[in-house]
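>>> Give me a model of this one.
(2 chains)
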Protein chains: 2
Amino acid sequence: MSLVEKINDIKLRHDYEAIVELIPYAKTIGVETSMVGESIVSSLRFMESNIGNPAVPALHGGVIAGFMENSALLHLIWEIELVNIPKIIDVSIDYLRPGQTTTTYSKCDIVRLGSRVALCNIIAWQEDINKPIAQARGHFLLSENRPL
Amino acid sequence: MSLVEKINDIKLRHDYEAIVELIPYAKTIGVETSMVGESIVSSLRFMESNIGNPAVPALHGGVIAGFMENSALLHLIWEIELVNIPKIIDVSIDYLRPGQTTTTYSKCDIVRLGSRVALCNIIAWQEDINKPIAQARGHFLLSENRPL
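Predicted structure coming up:
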């Protein structure tokens, strides 16, 4: 069974956790996924190994970025009909507040969905969704087609 | 001894590996640092836990981004006189090629160094430095001063 077939099977069962199990990096940093109302929200449980600045201590910027990219990828996997795994083209991220030693959440909005490229806005927050710790936007390639 | 004092002590000893030991996330994803000629080059040894797409398999975009941010941070720590640990303000990244299951390298150039903010260009490559797998630019806050 190919990866896309496995994922399509998981989607049929609405088994949000099972996709994270397929992605070693997502497991390593502690990503979990659940459905909150009608949106998919990813959470990142606090782990010592995600600390970037042991003096504060605060989460590493890179783990916040990686988590947000993953959150967008999982959102796309759930929201669109899957032919191939979406590929990240570019991401820009603004760090707004330090990531504390608590659970971080992230959700994604698809701003524009073309046949080949999706543009997503992503936010990450901890205690309060109105005080995000970071915001990001990214393009994702949906098909494997090459330009003529 | 504060973190900055510890780092300044490590810098005096030119012990490039010891700083990575202080950053749990850098250790988790497998970062190593060495001096190549006059530049600091970070390397990311291949680890199964860094895979994002098990079908190819390819490195997770997020781990590449995290590694590049870390590489810039380590470069700044080595290159400038440290008062505080530099903080990431924003980063934008373009993914150019998939990350294969081999060692990844990254180096940073400081494009502009002000008293409060540094602008850095970062590239990541694997077999060939002329075929980077990703490029990024980022702003880093050097002091903790707040605007008046």
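
>>> hey, which helix or strand in chain A has the poorest pLDDT?
Lowest on mean pLDDT, DSSP states H and E among the helices and strands of chain A sits helix A:16-22, with a mean of 86.

>>> Contacts for that one, please.
A:3, A:6-7, A:10, A:26-27, A:31-35, A:40, A:74, A:77-78, B:54 (Cβ atoms under 8 Å, 6 or more residues apart in numbering or on different chains). C-betas here are computed from N, CA, C, even on glycine.

>>> what residues are up against the most centrally placed residue in chain A?
Most central in chain A under Cα atoms, centre = their mean is residue A:71, positioned 1.2 Å from the mean C-alpha point. Contacts for residue A:71 (Cβ under 8 Å, 6+ apart) come out as A:31, A:42, A:106-108, A:122, A:124.

>>> can you rerun that using 10 Å?
A:26, A:31, A:33, A:40-44, A:104-108, A:120, A:122-124, A:136, B:62 (Cβ atoms under 10 Å, 6 or more residues apart in numbering or on different chains).

>>> Break down chain A into its strands, ranges please.
With DSSP state E as the criterion, chain A has strands at A:31-36, A:39-44, A:51-53, A:58-59, A:87-95, A:104-113, A:117-125, A:134-141.

>>> before we move on, back to that, by neighbours, which of the contacts of helix A:16-22 wins?
Counting neighbours by other Cβ atoms under 10 Å in any protein chain shown, residue A:26 comes out on top of the contacts of helix A:16-22 with 27 neighbours.

>>> Would you enumerate the residues in contact with it?
By Cβ under 10 Å, 6+ apart, the contact set of residue A:26 is A:19-20, A:32-33, A:42, A:44, A:66-67, A:70-71, A:73-74, B:49, B:51-52, B:60, B:62.

>>> same thing but 7 Å
A:20, A:70 (Cβ atoms under 7 Å, 6 or more residues apart in numbering or on different chains).

>>> Under the pLDDT cut-off, which ranges of chain A? List them.
Applying pLDDT under 70 to chain A picks out residues A:144-148.

>>> what about the longest helix in it?
helix A:61-79 (DSSP state H).

>>> Okay, buried residues for that helix please.
Going by neighbour count (16 or more other Cβ atoms under 10 Å in any protein chain shown), the buried part of helix A:61-79 is A:61-78.

>>> In CSV, list the C-alpha atoms belonging to stretch A:57-65.
Coordinates of each C-alpha in stretch A:57-65 appear next as CSV, following Å, rounded to 0.1, in the frame of the first residue of the first chain:
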residue,chain,number,x,y,z
PRO,A,57,13.8,28.3,29.0
ALA,A,58,12.1,28.8,25.7
LEU,A,59,11.2,26.6,22.7
HIS,A,60,13.6,26.6,19.8
GLY,A,61,12.4,28.8,16.9
GLY,A,62,13.1,26.0,14.6
VAL,A,63,10.8,23.6,16.4
ILE,A,64,8.0,26.2,16.3
ALA,A,65,8.6,26.6,12.5
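
>>> do that stretch and chain B meet at all?
Yes - Stretch A:57-65 is in contact with chain B by Cβ under 7 Å from any Cβ of the partner chain, via A:60-63, A:65.

>>> And stretch A:3-12, by the same measure?
Yes - on the criterion Cβ under 7 Å from any Cβ, stretch A:3-12 is in touch with chain B at residue A:3.
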